[in-house]
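K.L.:
Sequence and predicted structure, then a few things I'm wondering about:
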Amino acid sequence: MGTALATVLAHRGHPTTVWNRTATRAEPLAAAGAAVARSAADAIAASPLTIFSLLDYDAVHEVLATVPTHTVMAGRTLINLTSGGPAEAEHLAELVASRGADYLDGNVGCYPDAIGTAESHVVYTGPKHVFERARPCLTTLGEDLRYLGDNHGAGNALFLAAAAAHTSELLAAFFAAAYGRRHGLAFGVVTSEIARHSQTTHSYLRQIEGQLEAGDYTATAASVRVYVDALEALAEDMAGEGFQNPVFDSLMQVLHNAAAAGHGDAEFAVLYKLFSDQAL
Ligand SMILES: NC(=O)c1ccc[n+]([C@@H]2O[C@H](COP(=O)([O-])OP(=O)(O)OC[C@H]3O[C@@H](n4cnc5c(N)ncnc54)[C@H](OP(=O)(O)O)[C@@H]3O)[C@@H](O)[C@H]2O)c1
């Protein structure tokens, strides 16, 4: 990810200095027009704004421990695009502030090859004036910026929530494609059908929001039981085929638990309430 970020910045005319723990991974960026620093402190000292993209927050702390505090960091802006938990972002923001620098936390919601393209999506948290000052540089990385406010914990929680949904969607798609394959359906045939259903998923989520806010779980689109009945046909076919899948087993378990707890006739979105209440 760091390579993608630095390459786009350097190619698009932002004077860019890079540093990486393993120097051989940073050196090729010289060809893209970046200066290669010999230490993290040198890299930070070279610019008013520094972007961190490391494995985790522990790595960021490890690197910052090598940087002289007031000579190098004071008056600069540090933007951390490393993924982590809510408390980690809050703790790092406090540390950076104690070193006299401004801080933005960010979460990248795309793969490295999308950086700098219309597919890029990054969510930022931090003081509004710091975000606005950094905006020209951040827009270079992708115009789809989302500023969430100054609550760093909420920013990382939003990323983790989206990552959980994204990972579940991918696992479910691979399960579905593997099942389809048993019936002679090519990967692309199944996944293109999934993409069409995803549009329905997202319009359902938008449509049901008002009903959930009102605490109304009356079935208007489809009840829990409708889903259970439809998926029982899949369970039966899988059993006949001797085809098992842990993703499907968990999904069915959740739906059966909801029905057994008396929510079979409720709108399917009652699952949001049951998850929120830890009632399953
Ligand atoms: N890849 C994606 O699609 C993607 C998407 C969204 C968000 N992200 C987030 O972006 C961040 C970077 O991901 P990545 O895919 O670029 O991972 P990566 O290719 O594994 O790179 C990790 C980087 O962290 C450095 N690093 C690890 N431990 C370190 C330490 N203790 N001290 C100094 N440097 C250290 C590595 O340096 P060395 O080269 O020396 O090992 C390397 O530059 C992660 O937080 C990830 O969750 C990635």
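P.N.:
Yes, it's here.

K.L.:
Which parts of the stretch 51-200 of the chain are helices?
P.N.:
Under the criterion DSSP state H, counting those that start in this stretch, the stretch 51-200 of the chain carries helices at the ranges 57-64, 86-98, 128-141, 152-182, 187-213.

K.L.:
What parts of the stretch 51-200 of the chain come near the ligand?
P.N.:
53-56, 59, 62-63, 82-83, 108, 111-112 (C-beta under 6 Å from any ligand atom). (C-beta placed from N, C-alpha, C; glycine too.)

K.L.:
got a markdown table for the helices of the stretch 51-200 of the chain, with mean neighbour count and mean pLDDT too?
P.N.:
Putting the helices of the stretch 51-200 of the chain into a markdown table (neighbours: other C-beta atoms under 10 Å; pLDDT from 0 to 100) gives the following:
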| stretch | mean neighbour count | mean pLDDT |
| --- | --- | --- |
| helix 57-64 | 17 | 98 |
| helix 86-98 | 18 | 97 |
| helix 128-141 | 16 | 97 |
| helix 152-182 | 16 | 97 |
| helix 187-213 | 12 | 97 |
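
K.L.:
would CSV of those with distance to residue 72 be doable?
P.N.:
Below are these laid out as CSV (distance: least, C-beta to C-beta, whole Å):
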stretch, distance to residue 72
helix 57-64, 10
helix 86-98, 12
helix 128-141, 18
helix 152-182, 22
helix 187-213, 45
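
K.L.:
Tell me where the longest strand sits in this protein.
P.N.:
Scanning the chain for the strand with the most residues, using DSSP state E, yields strand 102-108.

K.L.:
And the contacts of that one?
P.N.:
1, 53, 76-81, 83, 89, 92-93, 96-97, 115, 120-127, 130-131, 134, 138, 152, 155-156, 158-159 (C-beta atoms under 8 Å, 6 or more residues apart in numbering).

K.L.:
ok, 6 Å please
P.N.:
By C-beta atoms under 6 Å, 6 or more residues apart in numbering, the residues outside strand 102-108 that reach it are 77-81, 89, 93, 96, 122-126, 130, 152, 155, 159.

K.L.:
mind listing what's buried in it?
P.N.:
Neighbour counts using 16 or more other C-beta atoms under 10 Å place 102-108 of strand 102-108 among the buried residues.

K.L.:
can you give me the strands for the stretch 1-150 of the chain?
P.N.:
All strands of the stretch 1-150 of the chain, identified by DSSP state E, counting those that start in this stretch, fall at 17-18, 35-36, 49-52, 77-80, 102-108, 122-125, 145-147.

K.L.:
Would you reformat the ones you listed as TSV and include mean pLDDT?
P.N.:
What follows is these, written out as TSV (pLDDT from 0 to 100):
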stretch	mean pLDDT
strand 17-18	98
strand 35-36	98
strand 49-52	98
strand 77-80	98
strand 102-108	98
strand 122-125	98
strand 145-147	96
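
K.L.:
could you redo these as JSON lines and give each row distance to residue 220?
P.N.:
Formatted as JSON lines, the strands of the stretch 1-150 of the chain follow (distance: least, C-beta to C-beta, whole Å):
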{"stretch": "strand 17-18", "distance to residue 220": "54"}
{"stretch": "strand 35-36", "distance to residue 220": "59"}
{"stretch": "strand 49-52", "distance to residue 220": "46"}
{"stretch": "strand 77-80", "distance to residue 220": "43"}
{"stretch": "strand 102-108", "distance to residue 220": "34"}
{"stretch": "strand 122-125", "distance to residue 220": "31"}
{"stretch": "strand 145-147", "distance to residue 220": "30"}
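
K.L.:
Thanks a lot, catch you later.
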